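# this is the structure alone, sequence omitted:
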């Protein structure tokens, strides 16, 4: 997996405004080279495990980091996280929960299921953009991952 076939970020987010803000923040820091957006939990699971042919899976694409919302239609984020961390093929992928939930049970469940980080989405645009940029900088440029 190299070069143009690599998806650097899988963004799992159903809120169109949050998708737009996230992409804008990543682009401002030149971190949006390869972002794939899954609009719900089922689409995220299909990306990795689906029976249907998925063009990215067929060429061996694996994201370097997953930004995962918890409140998703079809399959919620905690179930997506559980499936990702319980499968040998996807267990090592870094998953950053990026959600509006400050609820302690959600935070505890996310870490219990193997989340690598839990970030509450700031309401203010500038703070949101800064948080997304810092997440991208860390996971794409600073963090070392096994080959």
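Perfect, thanks for sending it. Remember, predicted model here, so these are calculated numbers, not experimental data.
# after the lowest-mean-pLDDT helix or strand in the chain, which helix or strand is next?
None of the helices or strands of the chain scores lower by mean pLDDT, DSSP states H and E than helix 55-58, at a mean of 57. Per DSSP states H and E, the first helix or strand lying C-terminal to helix 55-58 is strand 65-68.
# average model confidence for stretch 24-44?
Per-residue pLDDT values across stretch 24-44 average out to 87.
# can you map out the strands along this structure?
9-12, 35-38, 65-68, 95-99, 117-120 (DSSP state E).
# who does the last one pair up with?
In its sheet, strand 117-120 lies beside strand 95-99 (parallel), with partners assigned from DSSP bridges.
# for the third one, same thing?
Take DSSP bridges as the rule and strand 65-68 pairs in its sheet with strand 9-12 (parallel), strand 95-99 (parallel).
# now tabulate those in JSON lines and tack on mean pLDDT.
Formatted as JSON lines, these follow (pLDDT from 0 to 100):
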{"stretch": "strand 9-12", "mean pLDDT": "94"}
{"stretch": "strand 95-99", "mean pLDDT": "95"}
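# now mean neighbour count and distance to residue 126 too, for those strands, in a markdown table please.
All C-beta atoms are positioned from the backbone trio N, CA, C, and that covers glycine. A markdown table is the format used below for these (neighbours: other CB atoms under 10 Å; distance: least, CB to CB, whole Å):
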| stretch | mean neighbour count | distance to residue 126 |
| --- | --- | --- |
| strand 9-12 | 26 | 20 |
| strand 95-99 | 24 | 16 |
